[in-house]
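Asker: predicted model and sequence follow; I will ask about them next.
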Amino acid sequence: MDARLPIPAHDVRRESLEPSPTRAVCPYKGEASYRSLRLEEERLDDVAWSYPDPPEDASRRPDTCASRTTG
């Protein structure tokens with residue numbers, strides 16, 4: 001099963017995340033900015049995303065980013 005989990009921004013260790021050039025547009029939430037996770041010798045592309053400038057009428061949780069999990 002593929003699930004998306006909202007994560008409060010204050011719970012994210014941003015020092016391990018790097019900006020990604022990947023972008024996606026949702027008609028409800030606006031443009032998503034993606035981040036890649038940098039580990040010691042490995043990089044996991046586009047593991048988290050957020051909507052930094054959502055439309056005013058968008059329903060979203062403020063100050064969150066999202067990540068995907070499988071299981």
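Answerer: Arrived safely, thanks for sending.

Asker: now the residue nearest the centre of the chain: which helix or strand?
Answerer: Nearest residue to the geometric centre of the chain (CA atoms, centre = their mean): residue 49, 1.4 Å. Per DSSP states H and E: residue 49 is located in strand 43-50.

Asker: so what strands line up beside that strand?
Answerer: Under the criterion DSSP bridges, strand 43-50 sits next to strand 30-38 (antiparallel), strand 64-70 (antiparallel) in its sheet.

Asker: just the buried positions in it, please.
Answerer: By neighbour count on 16 or more other CB atoms under 10 Å, the buried set for strand 43-50 is 47-50. C-betas here are computed from N, CA, C, even on glycine.

Asker: I'd assumed residue 36 was in contact with residue 49.
Answerer: No: Residue 49 is not in contact with residue 36 according to CB atoms under 8 Å; the separation is 10.5 Å.

Asker: most remote residue from this structure's center?
Answerer: residue 41 (21.7 Å).

Asker: how about that one, secondary structure?
Answerer: Three-state call for residue 41 (DSSP: H, G, I helix; E, B strand; the rest coil): coil.

Asker: re the thing from before, where among the strands paired with strand 43-50 is the average confidence lowest?
Answerer: Looking over the strands paired with strand 43-50, mean pLDDT reaches its minimum on strand 64-70, with a mean of 62.

Asker: how much space between the residue farthest from the centre of the chain and residue 24?
Answerer: 28 Å (CB to CB, to the nearest Å).

Asker: for the chain, give me the ranges with low pLDDT.
Answerer: 1-2, 58-71 (pLDDT under 70).

Asker: quick one, what contacts residue 16?
Answerer: 37-39 (CB atoms under 8 Å, 6 or more residues apart in numbering).

Asker: now swap in residue 25 and tell me
Answerer: Each residue near residue 25 by CB under 8 Å, 6+ apart is listed here: 31-32.

Asker: now it: which helix or strand?
Answerer: Short version, using DSSP H and E: residue 25 is in strand 17-26.

Asker: fine by me, thanks again.
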